[in-house]
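Chemist: model this:
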Amino acid sequence: MNARFAYIAFGAMLVALAALAGDRLTGLYLSPSGGSSAGSAEISISTPDYDLHYNATTYPNATALALLETVTNVTYETYASGKMITAINNISQDSGHYWLYFMNGNLSMVSADAQTVDAGDVIEFRYLDSGLAMAYFSQ
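Modeler: Residues are numbered from 1 along each chain as shown. Model (predicted):
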């Protein structure tokens with residue numbers, strides 16, 4: 001009888017926890033009444049070996065980094081200027097390659113954790129060799 005009660009209590013606790021943290025567990029966010037409406041943004045990840053494309057649900061104040069984290073494994077380092085992505089899907093930057101990201105076709109000049117994303121935006125994360133990456137900054 002005690003074991004059965006423990007299982008029921010544990011199950012009830014899990015249901016309550018899921019209800020309290022539902023948006024964090026499911027990745028779904030509801031817009032506040034009168035706020036901007038949710039939509040989707042396209043996220044692309046490009047490497048020399050593959051291109052991946054995802055649709056991510058946007059929400060008020062969503063950032064490029066937050067949406068990227070909903071669709072893939074991301075590693076970053078935190079600096080005073082923001083978070084610099086150092087690896088996506090376990091593909092790490094090194095002295096010869098860098099991750100750059102583009103918003104709606106343009107190189108973003110802010111960190112991915114500071115770049116807000118709206119419905120319809122296209123975000124592309126590109127794994128580029130250092131020469132090509134640096135060419136974007138000399139334009």
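Chemist: who's in contact with residue 55?
Modeler: 40-43 (Cβ atoms under 8 Å, 6 or more residues apart in numbering). Backbone N, C-alpha and C define where each C-beta goes, glycine included.
Chemist: so what are the sheet partners of the host helix or strand of it and their directions?
Modeler: Using DSSP states H and E, residue 55 sits within strand 51-57. Take DSSP bridges as the rule and strand 51-57 pairs in its sheet with strand 40-46 (antiparallel).
Chemist: that older thread, neighbour-wise, give me the winner out of the contacts of residue 55.
Modeler: For these, the largest number of neighbours (other Cβ atoms under 10 Å) sits with residue 43, at 23 neighbours.
Chemist: rewinding a little: beyond the strand holding residue 55, next helix or strand please.
Modeler: helix 64-71.
Chemist: and the helices in this structure, which stretches?
Modeler: 2-20, 22-26, 64-71, 130-137 (DSSP state H).
Chemist: in terms of mean pLDDT, which of the ones you listed ranks lowest?
Modeler: Mean pLDDT values for the helices of the chain show the minimum at helix 22-26, a mean of 40.
Chemist: please name the nearest non-neighbouring residue to residue 87.
Modeler: Leaving aside its chain neighbours, residue 87 sits nearest to residue 75 (3.9 Å; criterion: Cβ to Cβ, 6 or more residues apart in numbering).
Chemist: average model confidence for stretch 72-82?
Modeler: Rounded mean pLDDT across stretch 72-82 is 95.
Chemist: so what's the residue count around residue 132?
Modeler: The number of residues near residue 132, taken as other Cβ under 10 Å, comes to 12.
Chemist: next: residue 49.
Modeler: 7.
Chemist: how much space between it and residue 91?
Modeler: From residue 49 across to residue 91, the span is 9 Å (Cβ to Cβ, to the nearest Å).
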